[in-house]
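Generate a structure from the sequence data that follows.
(one chain, ligands or ions: 1)
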Amino acid sequence: MEYDDNNIFAKILRGEIPCKKIYEDSFVLSFHDINPQKKIHALVIPKGRYIDLDDFSLNANPDEIVGLIRGINIVAKKLGISVENGKGYRALANISDNGGQEVPHLHFHLFGGEKVGRMVE
Ligand code: AMP
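Okay, the predicted model is just below:
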């Protein structure tokens, strides 16, 4: 499967669609989910053109991989949900059809600010 440059997160990365930005550096962009499922629901996406976590694992360079994983912690701290200054949170990536992925640009959901409940409904 080819990366689709018209997906909504690619448009957000190019600044064509607005977002409620939380954090940005050279590896990641983070913004609030438009349809929050918990009190806090943030998204963290890599800046590179990766469809899903499998694509990222296989094709991203080590700096990009570290940048994304560290980016999740930076965003969690900024939101006050990290282990350091909050009560924790859930990081989740949906992968392809069976995983329920809707937007074909890798993203981690960060859910927090309250108990997030059962892992799979
Ligand atoms: P997934 O099902 O894992 O692909 O999740 C896609 C997520 O993107 C959903 O939680 C949507 O609410 C969210 N979403 C879709 N469009 C936007 C947007 N323009 N800004 C922020 N979040 C969005």
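
Leu13 and Ile45 touch, don't they?
Yes. Checked against Cβ atoms under 8 Å, the pair Leu13 and Ile45 is within contact range at 7.4 Å. Every residue, glycine included, has its C-beta placed from N, CA and C.

All the helices of this protein, residue numbers only.
Along the chain, the segments classed as helices by DSSP state H run 8-13, 53-59, 62-79, 96-99.

List the buried residues for the longest one?
Yep, that's helix 62-79 we're talking about. Glu64, Gly67, Leu68, Gly71, Ile72, Ile74, Val75, Ala76, Leu79 (16 or more other Cβ atoms under 10 Å).

So for Val103, what's the pLDDT?
Val103 carries a pLDDT value of 98.

Likewise for Val120?
80.

Over to Met1?
Reported pLDDT for Met1: 85.

Test my guess that it contacts Asn7.
No. Between Met1 and Asn7 there is no contact under Cβ under 8 Å: 11.8 Å.

Quick check on those two: which one has the bigger neighbour count.
Using other Cβ atoms under 10 Å, the more surrounded residue of Met1 and Asn7 is Asn7, with 16 against 8.

In this model Pro104 seems to touch that one, though I could be wrong.
Yes. Using Cβ under 8 Å, Asn7 makes contact with Pro104 at a distance of 5.1 Å.

Compute the number of surrounding residues for His32.
His32 has 15 nearby residues by other Cβ under 10 Å.

Provide a list of residues in contact with it.
By Cβ atoms under 8 Å, 6 or more residues apart in numbering, the contact set of His32 is Cys19, Lys20, Ile22, His41, Ala42, Leu43.

Buried members of these into ChimeraX, please.
Buried subset of the contacts of His32, written as a ChimeraX selection, criterion 16+ other Cβ under 10 Å:
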select :19,22,41,42,43
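
angle of the longest strand belonging to the chain against helix 62-79?
Using DSSP state E to define each element, the chain has its longest strand at strand 40-46. For strand 40-46 against helix 62-79, the angle by axes from the mean of the first three to the mean of the last three Cα atoms, to 10 degrees is 160 degrees.
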